[in-house]
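[1] Sequence plus the predicted model coming up.
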Amino acid sequence: MDTTLLIMWLGFALAAYSVVGNDVIQTLGTFLSSNEKRPWWVLWIFAGTILAGTLVYSWYTYSGDVSYQRLIGDDPANPKYPLPDPFPWYYLLPPFVLMFVTRFGIPVSTSFLILTFFSPKNLESMLVKSVTGYFVAFAAAFLVYIFITRLLEKRFVENPITAEQERIWIPLQWLSTGFLWTQWLAQDFANIYVYLPRSLEVWELMLSLAILLAMLAFIFYSRGGSIQKIVKAKTNTTDIRSATIIDFIYGIVLFYFKEMNNVPMSTTWVFIGLLAGREIAIRWRMDGKLQRHEIQDILMDLAKVVFGLVISIALVYLIRYIAA
């Protein structure tokens, strides 16, 4: 195997492990929390089937491109994120750093860390879209939960779900999770497949899919890892009814931004914004005020993603400076 091919596939494997370990929980975290009693492999089959279908659909629709045109843009002959030729070894550093930071539970944006490294000129458009995503998700969650907290969330907290209610809510949650999962994948495939050719052969598609499914199996087996703590720290996220509503709102926001344009964005910012807006609305409606520690927790989550953004951008330019 030549050096370029080795770096490409090693980079893909590292990016897959980093992105799956860091970002997947933002999408499937509430699903894992509310289905803790189910065997991990049942949840994995469900999520893996959707992943495979979403990947193959993009590959078939866009002539071998699995990023939903986020890597190639509107002109396949002049990709927004071109594949380096030759492929320097230092392109492996971003996913390595991401793996390190993820161990501390810091929700670093894989979009900023990996994609900006490949094409710094697209940083501004990606940053604008991601920050906008934070505030849109925040506002959407806040408005929804201001109206439904006393009607639904307060009732959820005070009345544990019954077996009869589960027969209704379980299918609803799995549907909302499946919808959200497809929207997230359409955004974040670009972060992983940036290491591979912009148009994949069949064998490249199958091999990459096998790697992704193996990584996903590990995440489900380990029940989410450290990022999952952010999800569990929020009010009542382990209730399947609350998880269903969270996933539906998140999916709608991602769908909106997916249809807006093919500029990549950080789903991390959308996720944190959604949880923050939800938490503020719930605490305000249930307690009439926000406790100091609740405000501190929300600000700390925001500080983590800002810190992750700073690390990402600094690393990109530092490595590029050294390499030059």
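    Cool, got the structure.
[2] Can you list the low-confidence ranges for the protein?
    The model of the chain has pLDDT under 70 over residues 1, 21-23, 25-26, 30, 101-108, 149-151, 153-154, 223-238, 287-290, 323-324.
[3] how about 50 then?
    226-228, 232, 235 (pLDDT under 50).
[4] What segments of it are strands?
    In the chain, no strands are found when defined by DSSP state E.
[5] could you pull out the helices for it?
    3-34, 40-61, 93-102, 110, 116-118, 123-148, 154-158, 163-193, 202-221, 228-232, 240-260, 267-287, 292-323 (DSSP state H).
[6] Excluding chain neighbours, what is closest to residue 281?
    Once flanking residues are discounted, residue 281 sits nearest to residue 145: 3.5 Å by C-beta to C-beta, 6 or more residues apart in numbering. Using the backbone N, CA and C atoms, a C-beta is placed for each residue, glycine as well.
[7] Next, count neighbours for that neighbour.
    26 (other C-beta atoms under 10 Å).
[8] Same check on residue 124?
    When counting by other C-beta under 10 Å, one arrives at 9 neighbours for residue 124.
[9] Kindly report the same for residue 42.
    By the criterion of other C-beta under 10 Å, residue 42 has 11 neighbours.
[10] And it, how close does it get to residue 221?
    12 Å (C-beta to C-beta, to the nearest Å).
[11] what's the answer for residue 43, then?
    For residue 43 relative to residue 221 (C-beta to C-beta), the value is 10 Å.
[12] So which of the two has more stuff around it?
    Legend: neighbour count by other C-beta under 10 Å for residue 43 and residue 221, higher for residue 43 (22 against 11).
[13] how many other residues sit next to the closest residue to the more buried one other than its chain neighbours?
    In space, and not counting its chain neighbours, residue 43 is closest to residue 220: 5.4 Å by C-beta to C-beta, 6+ apart. A count of neighbours around residue 220, defined by other C-beta under 10 Å, yields 22.
[14] May I ask you to confirm that residue 220 is in contact with residue 46?
    No. With contact defined as C-beta atoms under 8 Å, residue 220 does not count as touching residue 46 (9.6 Å).
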